Every structure is written in C-alpha cells, then in structure tokens.
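Peer 1: I'll drop the sequence and a predicted model, then ask my questions.
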Amino acid sequence: MNKRSENMKKVNTLRSEVTTAMIYLLDELEDGTGGDYDGFDSWGIKEAYKLKGQLNSYRAQKITQFLGKTISKQRLLKYAKPKGYIYTLSNQDIAQWLKDNQQALLKYSKFNIGVITGGQKFN
C-alpha cells in the first residue's frame with residue numbers, strides 16, 4: 001500500500017469509530033439507560049429519561065447535527081418506529097431539551113468519542 005492509501009484507511013477507521021460513538025450515545029438516549037460512566041446525571045445531563053422511546057431517524061439526525069457530527073440517514077433507520085407510533089415529545093420539546101443540556105451533552109459526547117477512538121480524537 002502506498003502512503004496515501006494507508007492514511008486514508010486510518011482516516012476512515014477513525015471516522016467509523018466516531019460514528020460508532022455517536023450511535024452509542026443515541027442508543028443510550030433511546031433506551032433511557034442513562035449512559036455509561038456513572039450515568040448521564042453525573043455529566044450534568046438532566047432528564048434524559050424523557051427521551052426514552054422518542055427517537056426516530058429524523059430526530060436522531062438532528063441530535064447528531066446539534067453535536068456537530070453527521071451520520072448517514074441509513075445508519076439511523078434503526079430508530080424508525082412503526083406507523084401510528086405515538087410520541088410523547090414534540091420535535092420542539094426535543095430541541096428545547098438539547099438546548100438545556102447542550103454543554104453537558106457536548107462534554108459527554110467528546111469524552112465518549114475519545115474512549116471509542118482510543119484517545120485519537122476528542123471532538
């Protein structure tokens with residue numbers, strides 16, 4: 001392999017790890033599990049339980065964009081709900097929750113990405 005191919009392989013691997021970290025964060029929000037590392041409360045993320053069962057691909061994409069990342073919609077289709085599913089939160093409620101928890105979510109996301117990438121990337 002030439003040098004450029006090796007570098008691109010490293011970049012793609014790192015990008016994949018960042019995507020994985022974001023999916024883990026979304027899974028934790030969707031499941032209402034409270035996250036790793038002593039839960040969301042210890043990171044200052046308040047009322048994360050409200051998002052349990054509230055994600056769909058659109059909302060998940062908006063959350064990742066809010067955190068400064070982009071994930072293909074195809075990867076987010078796992079959050080699709082059956083037709084007729086009733087959400088308890090509106091998109092505006094979720095947007096407000098994101099604003100209320102912005103700094104804590106960014107801090108948690110940055111840490112989570114750092115753990116998944118083995119410290120290669122921290123934002």
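Peer 2: Looks like it arrived, so ask away. As the structure is a computational prediction, the values presented were derived from the model and not from experiment.

Peer 1: got any ranges where the chain has weak pLDDT?
Peer 2: Residue ranges of the chain with pLDDT under 70: 1, 35-38, 121-123.

Peer 1: And the residue nearest the centre of it, how far from residue 8?
Peer 2: Geometric centre of the chain, nearest residue: residue 22, 3.4 Å, by CA atoms, centre = their mean. Taking CB to CB, to the nearest Å as the measure, residue 22 falls 21 Å from residue 8. Where you see a C-beta, it was placed from the backbone N, CA and C, and this is true even at glycine.

Peer 1: again, but for residue 120
Peer 2: Noted for residue 120: a distance of 15 Å to residue 8, by CB to CB.

Peer 1: Over to residue 48?
Peer 2: Computed with CB to CB, the distance linking residue 48 and residue 8 is 36 Å.

Peer 1: With residue 95 instead?
Peer 2: Taken as CB to CB, the span from residue 95 to residue 8 is 36 Å.

Peer 1: Since that was my last question, I'll sign off now.
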